[in-house]
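Q: Here is my input, please return the structure:
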Amino acid sequence: MTEHDGYFVRLDQSASSARFQPTPHTGGAWNTSEQHISPMNGLIVHEVERFCAGRGPDGMAVSRISVDILGVLTLDPFEVEVAVVRPGRTIELLEVTVVSGGRAAVRARVWRAVVLDTEKIAGGEDAPLPGPETAEPIDLEQVWPGGYIRSIEARPVGTPKPGRITVWIGAKVPVAAGEDASGLARLAGLVDTANGAAVRESPEAWLFPNVDLTIHLFRQPEGRWLGLDTTVVFGPSGLGTTSSALHDTAGHFGHAQQTLTIRPRPASA
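A: Sure, this is the predicted structure:
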């Protein structure tokens, strides 16, 4: 990998939309010929931040990111469109649509809220995790294939158990080739790894993809390392959840939830 690599290459740009080519680093874990959704989540945040920056400073920050996965993302070029759903001076809601093959493949909604000084009443967050420098890397490719898995480094804190892991994840490539991205965009592009990191059952026997991702923030994160304190629950009727407390190297900054659909893997899959 070189410094010019990224998960995506920008092909063209307008005021509210852009066209991208995914690189092999986006290759999925369930199907290596499709995109892993995790890098797309980072790109969605990156495009929201570019859209907002283009309007000028407004004193707001992202407080929630919700992503619904509507279909398969191929490794072909796609468009990202950003629109304002609910404008406002203290809060606003943006919607992002990812169009692939002429159809909406992903829809995301992003709440932004005005930044105020609440330092004197701040509190309630989880204790910080031991830093990534204290943990040894593990090879996720022993469990999962794909270009995305090869593009990241995983360092567990303590001993992982089925459905339970505390782990640091870092990306080796940027969100978009040749472009600077914020800490939020970089780390949002790693959060979806949680479901695959805290494996409860072997993916060779069971399918348990997530259909969505929701991230709630009480602080804007920084750096390249995402800490996931993750628990996976499988229910008795084909439903499941992956729940994560999110950390950067400064401490706890938010929470994430994923909804799972669980079914036996067909013999030919």
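
Q: In the stretch 151-269 of the chain, where is pLDDT below threshold?
A: Applying pLDDT under 70 to the stretch 151-269 of the chain flags residues 268-269.

Q: which residues of it fall in helices?
A: Along the stretch 151-269 of the chain, counting by DSSP state H, counting those that start in this stretch, helices occupy 183-188, 194-197.

Q: out of the ones you listed, which comes closest to residue 13?
A: helix 183-188 (16.3 Å; C-beta to C-beta). For glycine as for every other residue, the C-beta is placed from the backbone atoms N, C-alpha and C.

Q: Show me what that closest one is packed against.
A: For helix 183-188, the elements it packs on are helix 37-55, strand 239-248, judged by 3 or more C-beta pairs under 8 Å, 6 or more residues apart in numbering; DSSP states H and E.

Q: give me that answer again for 7 Å
A: Counting contacts by 3 or more C-beta pairs under 7 Å, 6 or more residues apart in numbering; DSSP states H and E, helix 183-188 packs against helix 37-55.

Q: Can you name the element that comes right after the helix it packs on?
A: strand 60-69 (DSSP states H and E).

Q: who does that next one pair up with?
A: Strand pairing for strand 60-69, using DSSP bridges, gives strand 103-114 (antiparallel), strand 212-217 (antiparallel).

Q: ok, back up a step: turn the helices of the stretch 151-269 of the chain into a markdown table, columns for distance to residue 263 and mean neighbour count.
A: Compiled in a markdown table, those are given as follows (distance: least, C-beta to C-beta, whole Å; neighbours: other C-beta atoms under 10 Å):
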| stretch | distance to residue 263 | mean neighbour count |
| --- | --- | --- |
| helix 183-188 | 28 | 26 |
| helix 194-197 | 15 | 26 |
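
Q: closest to residue 35 out of those helices?
A: Nearest to residue 35, of all these, is helix 194-197, at 14.2 Å by C-beta to C-beta.

Q: Pick the most deeply packed of the strands paired with strand 60-69.
A: The highest mean neighbour count among these, using mean count of other C-beta atoms under 10 Å, belongs to strand 212-217: a mean of 20.

Q: Export the strands paired with strand 60-69 as TSV, with columns for distance to residue 190.
A: Converted to TSV, these look like this (distance: least, C-beta to C-beta, whole Å):
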stretch	distance to residue 190
strand 103-114	16
strand 212-217	11
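
Q: My guess is residue 249 contacts residue 133. True?
A: No. Residue 249 is beyond contact range of residue 133, at 9.0 Å (criterion: C-beta atoms under 7 Å).

Q: So between these two, which is more surrounded?
A: Taking neighbours as other C-beta atoms under 10 Å, residue 249 and residue 133 compare with residue 249 leading, 17 against 9.

Q: Roughly how far does residue 155 sit from residue 265?
A: Distance, residue 155 to residue 265, using C-beta to C-beta, to the nearest Å: 28 Å.

Q: now do residue 224
A: When residue 224 is compared with residue 265 (using C-beta to C-beta), they lie 33 Å apart.

Q: of those two, who's got more company?
A: The neighbour comparison of residue 224 against residue 265 (other C-beta under 10 Å) goes to residue 224, with 18 against 15.

Q: Surely that one and residue 172 touch.
A: No. Residue 224 is not in contact with residue 172 according to C-beta under 7 Å; the separation is 9.3 Å.

Q: Overlap of the contact sets of those two?
A: Counting by C-beta atoms under 7 Å, 6 or more residues apart in numbering, residue 224 and residue 172 have no shared contacts at all.

Q: re earlier: of all the helices of the stretch 151-269 of the chain, which lies closest to residue 90?
A: helix 183-188 (19.6 Å).

Q: Residues in contact with that closest one: which ones?
A: With contact meaning C-beta under 7 Å, 6+ apart, helix 183-188 is reached by 41-42, 45-46, 49, 62, 65, 171, 175, 215, 220-224, 226, 248.

Q: Stretch 127-134 now?
A: 155, 157, 166, 168, 170, 225, 227, 229, 247, 249, 251, 252.
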